[in-house]
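Undergrad: When you get a sec, could you give me coordinates for this:
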Amino acid sequence: MSENNADTLTSEFWENIERKKLVRPVCNLCGNNFFSPQVVCPDCQSSDWIYEESNGNGKIYSYTVIHRPMGDGFPNPYIVVDVDLEEGWKMYSQLLNCEIDEISVGLEVEVIFEKHAERTMPFFQPRRAKK
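TA: Predicted coordinates:
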């Protein structure tokens, strides 16, 4: 990535989200996984990075419960989580399908995709057992 236009930086991310695929930037020079998309790798400052698919599984590193509505169509209260994903990167998002008294640091979660205001968004929920 060599351009610093925000739309250029994030357009491929959002195109993948619309296809229900979670991706993250991976540096071609040092191999660092990072998020959010940036002009250069935060570790080595290389502008040579690509998007790679994530399996969307991780564990909650931290969380907060917010009791002020984010806007129309969003639940109140809602839970914001900082997720350590299995590939070695972190992402903030909202936790769905989980009661406040069920959440804990270390809870295993998986990405899910939901439409909100005409855009597909990545959220997390407690990981379901594979059948």
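Undergrad: Next one: L107 relative to Y51, how far apart?
TA: For L107, the distance to Y51 equals 27 Å [Cβ to Cβ, to the nearest Å]. In this view, the C-beta of every residue, glycine as well, is placed from N, C-alpha and C.
Undergrad: cool, I79 as well?
TA: In terms of Cβ to Cβ, I79 sits 27 Å off from Y51.
Undergrad: neighbour count winner among those two?
TA: I79 (20 against 16; other Cβ atoms under 10 Å).
Undergrad: give the contact list for E108.
TA: N57, G58, K59, P126, R127 (Cβ atoms under 8 Å, 6 or more residues apart in numbering).
Undergrad: how about the third one, secondary structure?
TA: The assignment at K59 comes out as strand when based on DSSP: H, G, I helix; E, B strand; the rest coil.
Undergrad: Just to check, it is in contact with D84?
TA: Yes: using Cβ atoms under 8 Å, K59 is in contact with D84, at 5.3 Å.
Undergrad: ok, back up a step: most neighbours among the contacts of E108, which one?
TA: That'd be G58 among the contacts of E108, by other Cβ under 10 Å, with 25 neighbours.
Undergrad: Show me the shaky parts of this structure.
TA: 1-6, 129-131 (pLDDT under 70).
Undergrad: at 50 instead, please
TA: 1-4, 131 (pLDDT under 50).
Undergrad: Same list, the contacts of E108, but as CSV with distance to F34 please.
TA: Output for the contacts of E108, formatted as CSV (distance: Cβ to Cβ, whole Å):
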residue, distance to F34
N57, 18
G58, 15
K59, 18
P126, 26
R127, 23
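Undergrad: ok, Y78 - contacts?
TA: Contacts for Y78 (Cβ under 8 Å, 6+ apart) come out as V65, I66, M70, Q94.
Undergrad: State the pair within these that is farthest apart.
TA: For the contacts of Y78, the maximum inter-member distance is 12.6 Å, found between V65 and M70 (Cβ to Cβ).
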